[in-house]
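J.: here's a sequence, model it:
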Amino acid sequence: METPHREDKPYRVYTPASLGEAIRYYRHQAGLSQAQLADRAGLNRTYLSDLEQGLETEQVRRIFRVLKQLGVRMTLDKADW
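T.: This is a model prediction of the structure:
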């Protein structure tokens, strides 16, 4: 179940599922379909779909492993660039 999100509050990303939720939220905010975002990012649409569903890919697993070892967390916020 997707958690409601206020626009003025950044996403705290702890898991592949929370990363997927954030990607989906910001994609919707940008008014893009998965196919459009995947095309812009040079990704396969099914890979983007897997990310949004919280699938733990090897790349995502490695990122979270590094962050955990550093004792830090990821926070996503709308950029102004």
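J.: name every strand pairing with the helix or strand harbouring Arg12 and say which way it goes.
T.: Using DSSP states H and E, Arg12 maps to strand 11-13. Within its sheet, strand 11-13 is paired with strand 74-76 (antiparallel), according to DSSP bridges.
J.: now the strand it pairs with: average pLDDT?
T.: Strand 74-76 carries an average pLDDT of 92.
J.: and if you look at stretch 62-71?
T.: Averaging pLDDT along stretch 62-71 yields 94.
J.: so for the strand holding Arg12, what gets flagged as buried?
T.: Applying a neighbour-count criterion of 16 or more other C-beta atoms under 10 Å, one finds 11, 13 buried in strand 11-13. Where C-beta positions appear, they are placed from N, C-alpha and C, glycine not excepted.
J.: and the contacts of that strand?
T.: For strand 11-13, the surrounding residues in contact (C-beta atoms under 8 Å, 6 or more residues apart in numbering) are 5, 18-19, 21-22, 25, 73-77.
J.: 10 Å instead?
T.: 3, 5, 18-23, 25-26, 63-64, 67, 73-78 (C-beta atoms under 10 Å, 6 or more residues apart in numbering).
J.: and those, which of them are buried?
T.: Buried among those by 16+ other C-beta under 10 Å: 18-23, 25-26, 64, 76.
J.: would you format those as CSV with distance to Glu52 and secondary structure included?
T.: Below are the buried ones among the contacts of strand 11-13 laid out as CSV (distance: C-beta to C-beta, whole Å; DSSP: H, G, I helix; E, B strand; the rest coil):
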residue, distance to Glu52, secondary structure
Ser18, 11, helix
Leu19, 9, helix
Gly20, 5, helix
Glu21, 8, helix
Ala22, 9, helix
Ile23, 5, helix
Tyr25, 10, helix
Tyr26, 11, helix
Phe64, 16, helix
Leu76, 13, strand
